[in-house]
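Asker: Need the 3D shape of this:
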Amino acid sequence: MQDNNRQKSLARNGLIVSGLVNIIAVLIFSRVFTNVAMNDADPVVMSNFGLLMIVVWGIVFLGASTIHSNMKWLAGAFAIEKLVYVVCWIRWQMENSLAAVYDKDLFAGIFYSIYGINDFIFVLFFVWLFMHSPKFYEE
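Answerer: Model prediction:
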């Protein structure tokens, strides 16, 4: 029972951190949606609409942190969502110049340097939650 409580706490805290990272990172690095260097570097994925959707996902993760039942399939969907961003980031890294983004804007450069790594960490977290959620919500 104590192990279940620890895992529930880890799940809740991981969801909160994931949500806050999405929201705070986008607002800081995009300078509250005014950093055109971020938009110019990837006008599809990181348009202001795309950035707003990342913030919305952050709100979804925060909301999910209040769920007190099996989250298996929700966590699976979250893992896929994060994986999509990891794939977009890898493709972007292969096809673009990070140095050119840094030359335009330091915040945009930092964002494009780290967002895929951050999302990969959360892929691992959500896969863990997908695999273990039923076990620690069993009564």
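Asker: For the residue nearest the centre of the chain, report the pLDDT, please.
Answerer: A centroid search over the chain (CA atoms, centre = their mean) returns D119, at 4.8 Å, as the residue closest to the centre. Turning to D119, the model gives it a pLDDT of 98.
Asker: element containing L52?
Answerer: Using DSSP states H and E, L52 sits in helix 48-64.
Asker: by contact count, what packs against that helix?
Answerer: Secondary-structure packing of helix 48-64 (3 or more CB pairs under 8 Å, 6 or more residues apart in numbering; DSSP states H and E): helix 2-29, helix 36-41, helix 72-95. C-betas here are computed from N, CA, C, even on glycine.
Asker: OK, contacts around the residue nearest to the centre of the chain?
Answerer: Listed by CB atoms under 8 Å, 6 or more residues apart in numbering, the contact set of D119 reads 82-83, 85-86, 89.
Asker: give me the low-pLDDT residue ranges for the chain?
Answerer: Applying pLDDT under 70 to the chain flags residues 1, 136-139.
Asker: what residues are up against F122?
Answerer: Shown in contact with F122 (CB under 8 Å, 6+ apart): 18, 21, 78, 82.
Asker: so how far is V84 from it?
Answerer: Applying CB to CB, to the nearest Å, the value for F122 to V84 is 12 Å.
Asker: re earlier: would you list the helices and strands packed on helix 48-64 in CSV and tack on mean neighbour count and distance to A108?
Answerer: Shown next, in CSV, are those (neighbours: other CB atoms under 10 Å; distance: least, CB to CB, whole Å):
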stretch, mean neighbour count, distance to A108
helix 2-29, 16, 7
helix 36-41, 20, 4
helix 72-95, 16, 12
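Asker: can you count the residues close to G63?
Answerer: 11 (other CB atoms under 10 Å).
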